[in-house]
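J.: What follows is a protein structure lacking sequence information:
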């Protein structure tokens, strides 16, 4: 066993996991700060608009300022609506649509729809979230609990033996070949933006923007996982 190489593999994975943790930590802090600034700017714009609307007569300069302030507020609300739109996974957003409550409510309905609010336990309805979560975890743990029978496995493979497609030798060589960083480069170019290619929440936009800085680290981490199997 090559302990030195094994340590390098572990370090590569640990470095990538630490980077994801740091990104998440920074993103949360930055998002909170950005949200506070947005709210402060929204309050400022609304206050200035109300001060103009309280006037009985508007000058040409007042009208220009009102139009400018309203345009800034529209952009702010549109960005807010687009954020809710992305999180709600709506299929469309009309150009110029500024109905933020619609997308916010759609996002909330999606969360409510995915939540189990009640279960029948021991012939009685249970609405306690902790009990429901525990029951759901136990149910799926038992559902996906594995049990292996060599005899049943061999019978199954015998039945489907003629149904399994066979790859040619060239494709077999490609599958067994080592991963190449060029394959990662091609994947990043083709990946769809505004989507997360994994469970960590890091979007394709992030990978594309910082690809030159992170590609070696990511390549080493994935390669280490493949080698370790």
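T.: Looks like it came in fine. Keep in mind that what you see is a predicted model, and the values were worked out from it rather than measured.
J.: Where does the residue most central in space within the chain sit: helix, strand or coil?
T.: Centroid check for the chain by C-alpha atoms, centre = their mean gives residue 201 as the closest residue, at 3.4 Å. Following DSSP: H, G, I helix; E, B strand; the rest coil, we place residue 201 in the coil state.
J.: Which residues are in contact with it?
T.: When contacts are counted by C-beta atoms under 8 Å, 6 or more residues apart in numbering, residue 201 touches residue 24. Every C-beta, even on glycine, is put in place using the N, C-alpha and C of the backbone.
J.: I'd like to know how far the residue sitting furthest away from the middle of the chain sits from residue 63.
T.: The outermost residue of the chain relative to its centre, with distances by C-alpha atoms, centre = their mean, is residue 57 at 50.0 Å. Taking C-beta to C-beta, to the nearest Å as the measure, residue 57 falls 11 Å from residue 63.
J.: Give the next helix or strand downstream of the worst-scoring helix or strand of the chain on mean pLDDT.
T.: Within the chain, no helix or strand scores below helix 100-114, which has a mean of 61 by mean pLDDT, DSSP states H and E. Per DSSP states H and E, the first helix or strand lying C-terminal to helix 100-114 is strand 119-121.
J.: name the helices or strands packed onto the next helix-or-strand element following that next one?
T.: Next helix or strand after strand 119-121 toward the C-terminus (DSSP H and E): strand 124-126. Applying 3 or more C-beta pairs under 8 Å, 6 or more residues apart in numbering; DSSP states H and E, one finds that strand 124-126 contacts strand 119-121.
J.: Parallel or antiparallel, list what pairs with the strand it packs on.
T.: strand 124-126 (antiparallel) (DSSP bridges).
J.: Output the longest helix belonging to the chain.
T.: Longest helix of the chain, by residue count under DSSP state H: helix 3-53.
J.: now for that helix, which elements pack on it?
T.: Using 3+ C-beta pairs under 8 Å, 6+ apart, helix 3-53 is in contact with helix 60-88, helix 211-228.
J.: And these: which comes nearest residue 121?
T.: Taking C-beta to C-beta, helix 60-88 is the member of the helices and strands packed on helix 3-53 nearest to residue 121, at 31.4 Å.
J.: what's the angle between that closest one and helix 3-53?
T.: Interaxial angle, helix 60-88 versus helix 3-53 (axes from the mean of the first three to the mean of the last three C-alpha atoms, to 10 degrees): 140 degrees.
J.: and helix 60-88, how far out from the chain's middle?
T.: Helix 60-88 sits 26 Å away from the centroid of its parent chain (C-alpha atoms, centre = their mean, to the nearest Å).
J.: Kindly report the same for stretch 45-59.
T.: With C-alpha atoms, centre = their mean, you get 41 Å for stretch 45-59.
J.: Stretch 138-156 too?
T.: For stretch 138-156, the distance to the chain centre is 31 Å (C-alpha atoms, centre = their mean).
J.: now stretch 35-52
T.: Counting by C-alpha atoms, centre = their mean, stretch 35-52 comes out at 30 Å from the chain centroid.
J.: buried stuff in that stretch?
T.: 45, 48-49 (16 or more other C-beta atoms under 10 Å).
J.: which one among the residues you listed gets closest to residue 177?
T.: In terms of C-beta to C-beta, no member of the buried residues of stretch 35-52 lies closer to residue 177 than residue 45, at 57.8 Å.
J.: how close does the closest one get to residue 172?
T.: 63 Å.
J.: Repeat that for residue 67.
T.: Residue 67 is 67 Å from residue 172, by C-beta to C-beta.
J.: Understood, closing this out.
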